[in-house]
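Novice: any chance you can model this:
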Amino acid sequence: MTFFSRDYEVFLLLAAPDAIPLWDAAQWLPFAASLDGLVAQARGKAGVRSHQYNPKGKPIPFGRLGWDATSHAKWTHTAATTQARFMSLEAWAPTWTTCEKDDQAPDVFLALANESLLGLAGKSLQFGQRLVCAIATDMGADAAATLQAALAQLAAQQDAVVFARTRRQWGRASSYGGFTGAIQDMLIGGLFQPDDPHARPLDDATFRENWTLLDLHHA
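Specialist: Below you'll find the predicted structure:
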């Protein structure tokens, strides 16, 4: 099996514009705890990286981050956080370096972005956060169900405007060799058609992938 050909259950959550940010520690910690078991099942330790900036626009270094209480405390925001602007987060289980060494895509993947920092400052937003989570289908149906249940609870808390699911491979073979359109690239460049998603209905024509909508309360 090539790196990109592994199959995944992929979930998309677009939070309401006024939802409390998932990077808020009070939101992230219980959500992360609901995924601890899945992350622990991965074939190696997880790695996390977060892009955040100070008020002058300079990147904030966090050092090596994992999936643990100490790391969560480094990048999440609290009432005392005044000098950090959250842009995005990625979590790989196992780490991206392990995936490269194994030549196998991750068992679990998560990517989160702050919509207002994606060149949309001052615009009227239909959603304030975008979250993509993926779990390899060979991890088993129970693992996918656990992830969906955790996300359904979060979607209800965030009054999500879209909560959806699809199945696909990690990437797609390229005629030039290798692969393109990877799940890791969906969050920023692979979710929507080229038009501004905040200036059109969030219907099937807006998305690049075919998604199945999930009920917020019975997913």
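Novice: tell me where this structure has strands.
Specialist: Along the chain, the segments classed as strands by DSSP state E run 7-15, 47-53, 85-93, 108-114, 129-136, 162-169, 172-173, 179-180, 212-213.
Novice: residues contacting the nearest residue to residue 92 once chain neighbours are set aside?
Specialist: Closest residue to residue 92 apart from its sequence neighbours, by CB to CB, 6 or more residues apart in numbering: residue 106 at 4.7 Å. (C-beta placed from N, C-alpha, C; glycine too.) Counting by CB atoms under 8 Å, 6 or more residues apart in numbering, residue 106 makes contact with 42, 92-94, 96, 99, 134, 136.
Novice: again with residue 25
Specialist: Contacts of residue 25 by CB under 8 Å, 6+ apart are 72-73, 76-78.
Novice: got the confidence number for residue 116?
Specialist: Looking at residue 116, its pLDDT stands at 85.
Novice: how close does it sit to residue 86?
Specialist: The gap separating residue 116 from residue 86 is 10 Å, by CB to CB, to the nearest Å.
Novice: cool, residue 39 as well?
Specialist: 21 Å.
Novice: for those two, indicate the residue with more neighbours.
Specialist: Counted by other CB atoms under 10 Å, residue 39 and residue 86 do not tie: residue 86 has more neighbours, with 24 against 20.
Novice: nearest to residue 11 among the contacts of residue 106?
Specialist: Using CB to CB, residue 134 comes nearest to residue 11 of those, at 7.3 Å.
Novice: count of residues packed around that closest one?
Specialist: Residue 134: 27 neighbours (other CB under 10 Å).
Novice: can you give me every residue that contacts it?
Specialist: 8-11, 106, 108-110, 183.
Novice: distance to residue 129 added to those residues, as JSON lines?
Specialist: Below are those laid out as JSON lines (distance: CB to CB, whole Å):
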{"residue": "8", "distance to residue 129": "21"}
{"residue": "9", "distance to residue 129": "21"}
{"residue": "10", "distance to residue 129": "17"}
{"residue": "11", "distance to residue 129": "14"}
{"residue": "106", "distance to residue 129": "21"}
{"residue": "108", "distance to residue 129": "19"}
{"residue": "109", "distance to residue 129": "17"}
{"residue": "110", "distance to residue 129": "13"}
{"residue": "183", "distance to residue 129": "18"}
